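Participant: would you be able to build a 3D model of this:
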Amino acid sequence: APPPVEDEDEVEAEKTAESGESLQEVGEEVVEEELDLAELQGMLPPGVDMQQVEQMLSSPRGALLGDFGAFCQERGVEPEMGDAQMSDEMQELQEEWLQTPRDSLEGKKPAEMLEGGRLFPGKMETFRREAPKVGRNDPCPCGGGKKFKKCCGKGG
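Facilitator: The predicted structure is shown next:
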């Protein structure tokens, strides 16, 4: 006969009994975690899948992201996640964070955990075209003497 299926709550209760934590402490942690997630969901723009956010936060990179947020709060700065590009202040904070050993990372520097990479992308440079864009009715740049649309711009 198959073994009886245990309820998840019973399994959790056994684990807490073994670890010495009271059920009240564990319940408070769960409620606090749910409140944090509810608060986070209120801050997200509509259409963002909360399940994907939870999955990302539980990943190693998400843990680093959470640690960076805690580091910013320790420094008295609220991280600005809405901006596509980070402000200069946030760039400096990230550089400092990368080189600071963190207790939450077992005393390691975030730069070691990211293998020298960055948590956020640096400032992006706007692409600038060297030569002006060739218009359909301009002479073809190949030198054939025809309009671009009749020469190299012909689609096929």
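
Participant: how long is stretch 102-109 from one end to the other?
Facilitator: With C-alpha to C-alpha, to the nearest Å as the measure, stretch 102-109 spans 6 Å from end to end.

Participant: so what touches it?
Facilitator: By C-beta atoms under 8 Å, 6 or more residues apart in numbering, the surrounding residues in contact with stretch 102-109 are A63, L64, D67, A70, F71, L98, Q99, T100, P101, P110, M113. (Each C-beta comes from the backbone N, C-alpha and C, glycine too.)

Participant: who wins for most neighbours among the residues you listed?
Facilitator: Among these, the one with the most neighbours (other C-beta atoms under 10 Å) is P110, at 22 neighbours.

Participant: find the nearest non-adjacent residue to that residue, please.
Facilitator: Distances taken as C-beta to C-beta, 6 or more residues apart in numbering put L98 closest to P110, at 5.1 Å, once the chain neighbours are dropped.

Participant: so how far is E92 from the one you found?
Facilitator: To E92, L98 is 11 Å away according to C-beta to C-beta, to the nearest Å.
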